[in-house]
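Peer 1: Quick one, fold the following:
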Amino acid sequence: MTHKAMESCAQGLAERGIATLRYQFPYMERGSNRPDRPPVAHAAVRAAAAEAAKVAPDLPLFAGGRSFGGRMTSQAQALDPLPDVRGVALLGFPLHPAGKPGMDRANHLADVQIPMLSVSGSRDALAELDLLRPVVAGLGERATLHVVEGAEHSFRVAAKEAEALDTMAEWMLRVAQ
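Peer 2: Model prediction:
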């Protein structure tokens, strides 16, 4: 939650008029390198969405995350829709492990029935575009893919992150209306 990349995203979205609520997955809170099992991560996503709705009840609610957080958020939404969430924004969705191309991690996206945005770098080793593009296209009009040319999974270059955040903010404002 306090990682430089997370702080940068939250600050950048705030500068674009988008409030964020950052939270920790339990494994991060424990200082573990081993990610939580999906049911534990999904519960964390649900708790965060509920807290966001409680602290800002008059704002349109979107859920999402970066990498693992985005995948756990979209899985939680697919299993049982998050109350009052208008859309899911995914930054660097990890479609497959590095060096192991596949699309199984995207199977649940067909069950997400609200608008989705996936922002991915053209050089993301965890989401090869020749696999990601047909996944998003197969979801129809409710899914949007924005590719940031030259960006890797981390969006480390400031200009690449700025483009990603601009895209996310514009999409949220459009969907909210």
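Peer 1: For the nearest residue to Gln24 once chain neighbours are set aside, list the residues it contacts.
Peer 2: Using C-beta to C-beta, 6 or more residues apart in numbering and skipping the chain neighbours, the partner closest in space to Gln24 is Met1 (4.8 Å). C-beta coordinates here come from the backbone N, C-alpha and C atoms, glycine included. Each residue near Met1 by C-beta atoms under 8 Å, 6 or more residues apart in numbering is listed here: 22-24, 28.
Peer 1: Write the ChimeraX selection for whichever of those are buried.
Peer 2: Buried residues among the contacts of Met1 (16 or more other C-beta atoms under 10 Å), as a ChimeraX selection:
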select :23,28
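Peer 1: how many other residues sit next to Ser74?
Peer 2: Ser74 has 26 neighbouring residues, counting by other C-beta atoms under 10 Å.
Peer 1: same deal with Ala47?
Peer 2: Around Ala47 there are 11 residues (other C-beta under 10 Å).
Peer 1: Repeat that for Gln177.
Peer 2: 6.
Peer 1: Quick check: it vs Ala41, distance?
Peer 2: Per C-beta to C-beta, to the nearest Å, Gln177 is found 31 Å from Ala41.
Peer 1: State the mean pLDDT of stretch 59-77.
Peer 2: Mean pLDDT, taken over the full extent of stretch 59-77, equals 97.
Peer 1: how about it: buried residues?
Peer 2: 61-77.
Peer 1: One more: stretch 168-177?
Peer 2: 168-169, 171-172, 175.
Peer 1: Restricted to helices, list the residues you listed.
Peer 2: 168-169, 171-172, 175 (DSSP state H).
Peer 1: out of those, who's nearest Thr144?
Peer 2: Trp171 (6.6 Å; C-beta to C-beta).
Peer 1: Read off the pLDDT value for that closest one.
Peer 2: The per-residue pLDDT of Trp171 was computed as 98.
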